[in-house]
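**Student:** Here is a sequence together with a model predicted from it:
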Amino acid sequence: MVEGRGLASVVMIVGVLIVSVCGGGVPIPHPLTMLLRDPGVHRDLSLGPEQAVAVAGAVEEVERPLWLLRDLPPEERRAPADRLLEQLKGKLAETLSDPQRERLNQLTLQAQGLQAMVEPEVAGQLELSAGQSQRIKSALEVLERELVTLQRSGAVTRDAERIRRRKIRGERDILAILSKRQRHELRTLMGLSFDLSRVRQAACRTPELQGVDAWINSTPLTLEQMRGQVIVVHFYTFGCINCVRNLPHYNAWFDYFARDQLKIVGIHRPETKGERLVDEVRRQAAETGLKYPIAIDNQSRNWDAWANRIWPSVYLIDKQGFVRYWWYGELNWEGAQGEKRMRRKIEELLGE
């Protein structure tokens, strides 16, 4: 994905199934890194204290580099993502016992769901024919497109139920492509069921703010200083109409949520020469009623550190400092109700 000014479409991470893996792409964030962060998975694997420390270190090395690949086309991210995952698996092979690795493989397949069948290793174990593989891939692509469409429209509560029903129907249709023997083999590969609903959808530890040219409404800040609070970070430029249409939503969050619970940081990354003038950014911020801290990112240090490519973009960070959810484009473009969705996610993170 290239830099997009005034992007109107919406993309939000809401679960592994929504993340694109079709066409050979690697899901980002990867289910393996999220599983390895989860205390319940640690208990299921019976990790010892030293193993838990080693696993956390291995995940720390790869999760942010993986996340920075998230918006690349599948054909561009495949090779670097595969290298990072092989690095992680190599560290796990040194740390985990054979039974622990086998169980982790089962949990990873459960987290990937039916999309795991596009992986060559799984397809080989199931002995899928070329025709079956193509039908499964096509069905997954259709399902993914429909789920994203459902995200973008209608009431939040109603959509959740519609998405759930569409997932169930899609899974049923895809399983029907398999023979009875293949379905049994797939269940065997996935092992005993694990409650994945409790696994946090966390991408990586948040990149720290760096190289800020100037601050508006604040003295210099770091995200580390705000640890223990939920943080909203949004990228914008004042000349972008789609960015401008999102600003009232951020103002509303700033006024609605308690100041000691939710922090908002705007990052102004310009596109045009005129948007690089700090005094003009300050004037526009005052006219728009922005009261929260704004970092001037004229050198694109933070834009690059987050691998952000789109105006506007908004990210939600949990109390532990992990990127949890994000949205690209206008929050309420054509009835998308992104503001309501992100507000619900803010409330969810505040309640953790």
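**Tutor:** Thanks, I have the structure now.

**Student:** what packs against whichever strand or helix holds L92?
**Tutor:** In the assignment (DSSP states H and E), L92 maps to helix 74-95. Judged by 3 or more Cβ pairs under 8 Å, 6 or more residues apart in numbering; DSSP states H and E, the packing partners of helix 74-95 are helix 31-36, helix 49-67, helix 98-112. All C-beta atoms are positioned from the backbone trio N, CA, C, and that covers glycine.

**Student:** So which of those is nearest T206?
**Tutor:** Nearest to T206 among the helices and strands packed on helix 74-95 is helix 49-67; the distance by Cβ to Cβ comes to 9.0 Å.

**Student:** re earlier: for the helices and strands packed on helix 74-95, which one ends up most surrounded?
**Tutor:** Mean neighbours per residue, mean count of other Cβ atoms under 10 Å, is largest over those for helix 31-36, with a mean of 23.

**Student:** ok, residues contacting that helix?
**Tutor:** With contacts defined as Cβ atoms under 8 Å, 6 or more residues apart in numbering, helix 31-36 is touched by 16, 41, 55-56, 58-59, 62-63, 66, 85, 88, 104, 107-108, 111-112, 199-202, 204.

**Student:** buried sites along the one helix or strand L147 maps to?
**Tutor:** In this structure, L147 sits in helix 130-152 according to DSSP H and E. For helix 130-152, the neighbour count (16 or more other Cβ atoms under 10 Å) marks 132-133, 135-137, 139-140, 143-144, 146-148, 150-152 as buried.

**Student:** that older thread, between the helices and strands packed on helix 74-95, which one is closest to V244.
**Tutor:** Comparison of the helices and strands packed on helix 74-95 against V244 by Cβ to Cβ identifies helix 49-67 as nearest, at 27.8 Å.

**Student:** Contacts for the closest one, please.
**Tutor:** Helix 49-67 is contacted by residues 26, 28-30, 33, 36-37, 42, 47, 80-81, 84-85, 87-88, 91-92, 94-96, 203-205, 207, 307, 323 when judged by Cβ under 8 Å, 6+ apart.

**Student:** what do you get for stretch 237-254?
**Tutor:** 5-8, 232, 234, 236, 262, 264, 266, 268-272, 274-275, 280-281, 284-285, 288-292, 311-312, 314, 329-333, 339, 342-343, 346.

**Student:** Rounded mean pLDDT for the helix holding L92, please.
**Tutor:** Taken as a whole, helix 74-95 has an average pLDDT of 95.

**Student:** Helix 98-112 and that one, what's the angle between them?
**Tutor:** 150 degrees (axes from the mean of the first three to the mean of the last three Cα atoms, to 10 degrees).

**Student:** As a check, name the ranges of all strands in this protein.
**Tutor:** 11-12, 204-205, 214-216, 230-236, 262-268, 294-296, 313-317, 322-328 (DSSP state E).

**Student:** that older thread, give the PyMOL command for selecting the buried subset of the contacts of helix 49-67.
**Tutor:** Applying 16+ other Cβ under 10 Å to those, the buried members can be selected in PyMOL as follows:
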select buried, resi 26+28+29+30+33+36+37+42+47+81+84+85+88+91+92+95+96+203+204+205+207+307+323
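
**Student:** still on that earlier bit, the strands of the chain: which one's closest to R169?
**Tutor:** That would be strand 11-12 among the strands of the chain, by Cβ to Cβ, at 21.9 Å.

**Student:** pLDDT on that closest one, on average?
**Tutor:** Mean predicted confidence for strand 11-12 is 40.

**Student:** cool, stretch 237-254 as well?
**Tutor:** So the average pLDDT for stretch 237-254 ends up being 97.

**Student:** Just the buried residues of it, please?
**Tutor:** For stretch 237-254, a neighbour-count test (16+ other Cβ under 10 Å) marks 237-240, 242-247, 249-251, 253-254 as buried.

**Student:** Show me how this protein divides into domains.
**Tutor:** The chain is divided into the following domains under automatic domain parsing: 17-198, 206-350.

**Student:** looking at those, which has the lowest confidence?
**Tutor:** Going by mean pLDDT, the lowest-scoring of these is domain 17-198, which has a mean of 88.
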